[in-house]
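> here is my input, please return the structure:
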Amino acid sequence: MSSAQWVIDGLPEGTQKLLRSYVQDLAKAFGDQLEAVLLYGSAVRGDFLPGRSNLNILLFVPSYEVAVLKKYAQVHKKWSKELVVAPLFLTRDDLQASAFVFPLEYQDILDCHRVLWGQDPFVGFKVDPRHLAGEVLQSLRGNLVRLRQRLVEGEGREEAMLIVLPLSITAVLPVLRGVQRLLDRPVSLQGEALVNDLESCLELDLAALREALLLKRGRISPGQKEVPRLMDRYLDGLGRLATAVEQRVGQT
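Numbering: from 1, shown residues only. Coordinates of the predicted model:
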């Protein structure tokens, strides 16, 4: 597949031109050892924020030999400054073998990705829902644990909270899509629609999660006194969400 053959609706043209150039550099660096290049995440879901969102890339290669992985070194040196984070590397065999380990991540990519180069490795791929529940529950509680840890590391400063809140909600959103799947809800790609759906379905007040989304997008700027209050509401909302999901999933 030529890198000039695709157009991604909703993604700024400048970003698409950047991606086409990036894929061309990958093809030059890897040659016939480049099997597929996939774009996933916010750039495909339609909530990409220029200057804020990263471009998430998945590369399929024939092996993990050091000689193969080192081919990315010069590409990374050039493109790490352009919000193109270091890609995930997979082989086709590894994708199938590790499906039960990363069901949440793989299902999210399966549902929303674009092939920028090569053939789609996710054709015919399925995630066993029995493996999904465990990772969803672990991820919800894990996010709470890590958030408290980061809050302490930042010495409870307002500046640290303004950093960790967007990081937390970014990590929580794919987990919430996993919750929708477990509850047989239509999966929402947009963050606010996702939070609203679970708020209604679980009968919870998730306003603090919406505020964290607005903070991430630069649409609100809480004052110094309001930031700790937002953090308290967010921690409380995320904790009640985790409890509600544990109760609902345990009943299914």
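
> how about the nearest residue to the residue nearest the centre of the chain, chain neighbours excluded?
Ranked by distance to the mean C-alpha position of the chain (CA atoms, centre = their mean), the top residue is residue 41 at 5.2 Å. Using CB to CB, 6 or more residues apart in numbering and skipping the chain neighbours, the partner closest in space to residue 41 is residue 56 (3.6 Å). (Each C-beta comes from the backbone N, C-alpha and C, glycine too.)

> ok but that neighbour is inside a strand, no?
Yes - residue state for residue 56 (DSSP: H, G, I helix; E, B strand; the rest coil) corresponds to a strand.

> dump the residue contacts of it.
For residue 56, the contacting residues are 39, 40, 41, 42, 43, 85, 87, taking CB atoms under 8 Å, 6 or more residues apart in numbering as the criterion.

> what are the ranges of the strands in this protein?
Secondary structure of the chain (DSSP state E): strands at 36-40, 56-60, 88-90, 113-118.

> related to what we said a few turns ago, biggest separation within the contacts of residue 56, which pair?
Based on CB to CB, the longest span within the contacts of residue 56 runs between 42 and 87 and measures 15.4 Å.

> domain parsing for the protein?
Each domain of the chain is listed here as a residue range: 13-118, 129-251, per automatic domain parsing.

> now do the longest one: distance to the chain's middle.
Yep, that's domain 129-251 we're talking about. Averaged C-alpha coordinates place domain 129-251 at 13 Å from its chain's average position (CA atoms, centre = their mean, to the nearest Å).

> tell me the mean pLDDT over it?
The average pLDDT for domain 129-251 rounds to 94.

> go through stretch 122-138 and flag the buried ones.
Within stretch 122-138, the residues that count as buried by 16 or more other CB atoms under 10 Å are 122, 127, 131, 132, 133, 135, 136, 137.

> same check on stretch 69-89?
Buried residues in stretch 69-89 (16+ other CB under 10 Å): 71, 72, 75, 79, 83, 84, 87, 89.

> the fourth one reaches residue 22, doesn't it?
I take that to be residue 79. Yes - taking CB atoms under 8 Å as the definition, residue 79 is a contact partner of residue 22 at 5.6 Å.

> shared neighbours of the two, anything?
With contacts taken as CB under 8 Å, 6+ apart, residue 79 and residue 22 have no neighbour in common.
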